[in-house]
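Undergrad: Kindly generate the corresponding structure for this input.
(one chain, ligands or ions: 1)
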Amino acid sequence: MRQFIYILFLWSSISLACEPNETHVREQWIKPYTRSDGTKVLGHIRSEHCRVISVHNYFQDTGSEIKGFKGKFKAWTQSEKALVQSKLDELPSWLKKYKIASILRASSHPGNPKNPALTIPASKTIILFDVFFKSSKVKDVLLHELAHIAIWDLDPVQLHQFFISNGWTYQKGNRPTPPTKVILPDSAHSPSEDFANTLEVYYSNPKLLKEFNLKSFSILEEIIKSKDNR
Ligand SMILES: [Zn+2]
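TA: This next block holds a predicted model:
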């Protein structure tokens, strides 16, 4: 199964098969330390595992360094928090099952200033930028970001059907080739981007998606039905 996902996305082979209310913690080296009762604990490797998210949608003003993100975090305003929370509450129930561990705020995405949001699926972290708060489609953006998290929990066979239907071609040893016609321009970037975009359109403009690709619309409907009943 993991291998299948690896071929599908050509992402790293770490398993992200945690529950919707858990985050994935990578294998890490734990330095030797002394417990409060005096017991000495030797240095050891803690294997990768899933950790339950204790506080959901935690708005944080500062965050630890995130690999690949060079921007600086800043403090939330009350109205920003209220807006994001109210839009998250409006999302479809199956997507709301994917709890966000940490919601961070930064001015812009260095190198990609038009990007309204950035999601790190493994740690269930979302970073929202100034552009997000100027957008008229904040709910769509949040739905899109949640789709990047939910995709890891979907049935690989259903997902594969979806990507084939959307026109992706897979050849062993090569990156997946994007379809010639895509629903939104950056869909061609990766299967994950295409999935998040198509799900966004499924909710915001179902008529458009039905006209664009009725089969993909039906597969999404099936995927959602199977998640709603879980
Ligand atoms: Zn995206």
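
Undergrad: can we go C-alpha only for contacts and neighbour counts from here?
TA: Fine.

Undergrad: domains for the chain, by residue range?
TA: 51-135, 154-230 (automatic domain parsing).

Undergrad: Can you show me the helices along this structure?
TA: Assigned by DSSP state H, the helices in the chain fall at 2-9, 78-89, 93-96, 130-134, 138-150, 156-166, 191-204, 206-212, 214-228.

Undergrad: centre of the chain versus the third one, how much separation?
TA: Translated: helix 93-96. 13 Å (C-alpha atoms, centre = their mean, to the nearest Å).

Undergrad: Identify the residues contacting that helix?
TA: L88, D89, L143, L146, A147, A150, I224, K227, D228 (C-alpha atoms under 8 Å, 6 or more residues apart in numbering).

Undergrad: Can you flag the buried ones in these?
TA: L88, L143, L146, A147, A150, I224, K227 (16 or more other C-alpha atoms under 10 Å).

Undergrad: Closest to L118 out of those?
TA: Distance to L118 across the buried ones among the contacts of helix 93-96 (C-alpha to C-alpha) is lowest for L146, with 10.5 Å.

Undergrad: Check what pLDDT that closest one gets.
TA: L146 is assigned a predicted lDDT (pLDDT) of 95.

Undergrad: quick one: it from L95, how far?
TA: 7 Å (C-alpha to C-alpha, to the nearest Å).

Undergrad: Ok, I66 next?
TA: For I66 relative to L95 (C-alpha to C-alpha), the value is 24 Å.

Undergrad: Give the residue from those two that has the larger number of neighbours.
TA: Remark: of I66 and L95, L95 carries more neighbours, 18 against 10, as counted by other C-alpha atoms under 10 Å.

Undergrad: Identify the residue nearest T62 in space, chain neighbours excluded?
TA: Once flanking residues are discounted, T62 sits nearest to F73: 5.6 Å by C-alpha to C-alpha, 6 or more residues apart in numbering.

Undergrad: was I right about that neighbour contacting S108?
TA: No. With contacts counted by C-alpha atoms under 8 Å, F73 stays clear of S108, the gap being 9.4 Å.

Undergrad: what stretches of this protein score poorly on pLDDT?
TA: 1-16, 57, 229-230 (pLDDT under 70).

Undergrad: Which one, of the domains of the chain, ends up nearest to N21?
TA: domain 51-135 (5.2 Å).
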